[in-house]
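Trainee: Sequence and predicted structure below; questions after.
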Amino acid sequence: MNAVEHSVPLHDFEPDAGDMRDEVMRGLSAVPRVLPSKFFYDTQGSKLFERICEQPEYYLTRAELALMETHLPDMADTLGPRVLLVEYGSGSGIKTHRLLEHLHRPVAYMPLEISRSALEASVGRLAGDFPRIEMLPLCADFTQPVVLPAPVRRQDRTVIYFPGSTIGNFEATRAVQLLRQMREEMGPDGAALVGVDLLKNPAVLEAAYNDAAGVTAAFTLNMLAHINRALGADFDLAGFAHRARFNADASRIETHIESLRSQDVHVAEHTFAFHPGDEILVEYSCKYSRESFARMAGEAGLRVAKVWTDPEELFSLQYLVCA
């Protein structure tokens, strides 16, 4: 029995194949070519990302969990009682479980997740562990406007939860837009709790996105497999490779899919020619100093009111309120 389908109503705003086709066609026709990182997250992609988080080079999840172990009571006191917790890109829900355990009488939990399978699995587990918290899952692209359903019990405040380093996947203009969207959705008395990866040694950063086991490479190339499955395309994964490099001038890891040979790819009755070395940009992973993130939040009308970090200051969770 599927826990979500039978006990927790699912609000379905999942993008359809036509939306995906249009975005893929635009991205492959652009110069330079680009595909949005949200296409990483089909069922297989979500599983691979969970494996990435277990790799020894990938410090981000360990650092975030470490800081939560230390600071969760203070976070809960800061967020206050009776919150509606709205999470962008909820994934497996491991960090969410720990936060919900410490929150003071939360009213409801509302995850927005583009992968239906990941959403159903995580909410199914959380519903069993927190039967007194109303579950309001939305299968949706959190970067697009969605009307949020109202919980049965009225919340004292809305808190947008955006853990991990996903804010770093957006270049500055889009990141500011997303922070403005959070500001609108949380309201004047609400708050946001945002994961922000901090600047550090470039060798540490590059290792995190090029693990020795090749899991990140498999995750990156699964985007092409996802497009093949969803749109009937014919990307030959053996003809492409994962490339992740740190751009010091832009303070970010830039991930590309590189063509290893001359080849034609067919998508929705269109042919795209690739030559050796041709690349598709598939992800930014921006890194911030405390000062640079605070400036960006300010552009969105938000103020950093508190920052929690792990002991090594590799990663941070930042508490934002309206400026």
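Mentor: Received, thanks.

Trainee: Give me the neighbour count for V34.
Mentor: Other residues near V34 number 17, with proximity taken as other CB atoms under 10 Å. All C-beta spots, glycine's among them, are computed from the backbone N, C-alpha and C.

Trainee: What score does it have for pLDDT?
Mentor: V34 carries a pLDDT value of 98.

Trainee: What pLDDT does the model give the residue nearest to it when sequence neighbours are not counted?
Mentor: Computed as CB to CB, 6 or more residues apart in numbering, the closest residue to V34 that is not its neighbour in sequence is L281, at 4.4 Å. Here, the pLDDT recorded for L281 equals 98.

Trainee: correct me, but L281 touches R33?
Mentor: Yes - between L281 and R33 there is a contact under CB atoms under 8 Å: 6.9 Å.

Trainee: Mean pLDDT per helix and strand in the chain: which one sits at the bottom?
Mentor: Sorted by mean pLDDT, DSSP states H and E, the helices and strands of the chain end with helix 3-7, the least confident at a mean of 42.

Trainee: Any idea what V321 is bridged to?
Mentor: According to DSSP bridges, the residues that bridge with V321 are R303.

Trainee: neighbours around it, how many?
Mentor: Should you count by other CB under 10 Å, V321 turns out to have 17 residues around it.

Trainee: and the gap between the residue of the chain positioned farthest from its centre and H256?
Mentor: The centre of the chain is farthest from one residue, S262, which by CA atoms, centre = their mean lies 32.8 Å away. When CB to CB, to the nearest Å is applied, the distance between S262 and H256 equals 18 Å.

Trainee: three-state assignment of I160?
Mentor: When classified by DSSP: H, G, I helix; E, B strand; the rest coil, I160 comes out as strand.

Trainee: surely the residue farthest from the centre of the chain meets G239?
Mentor: No - S262 sits out of contact with G239 when judged by CB under 8 Å, with a separation of 9.2 Å.

Trainee: between those two, what contacts are shared?
Mentor: With contacts defined as CB atoms under 8 Å, 6 or more residues apart in numbering, the residues adjacent to both S262 and G239 are F274.

Trainee: Excluding covalently adjacent residues, which one is nearest to P151?
Mentor: The nearest residue in space to P151 (CB to CB, 6+ apart) is A108, at 3.7 Å.

Trainee: tally of neighbours for that neighbour?
Mentor: Here the neighbour count serves as a burial measure; for A108 (other CB under 10 Å) it reads 21.

Trainee: residues touching it, list them.
Mentor: 84-85, 133-136, 151-153, 155.

Trainee: related to what we said a few turns ago, got the phi and psi for the spatially closest residue to the residue farthest from the centre of the chain that is not a sequence neighbour?
Mentor: In space, S262 comes closest to H275 once its chain neighbours are excluded; the distance is 5.4 Å by CB to CB, 6+ apart. Torsion angles at H275 (phi, psi; degrees, to the nearest 10) stand at phi -120, psi 160.

Trainee: Would you map the helices across the stretch 201-323 of the chain?
Mentor: Ranges of helices within the stretch 201-323 of the chain are 202-208, 215-231, 290-299, based on DSSP state H, counting those that start in this stretch.

Trainee: out of these, nearest to V321?
Mentor: Distances from V321 to each of those were compared by CB to CB, and the smallest falls on helix 290-299, at 9.8 Å.
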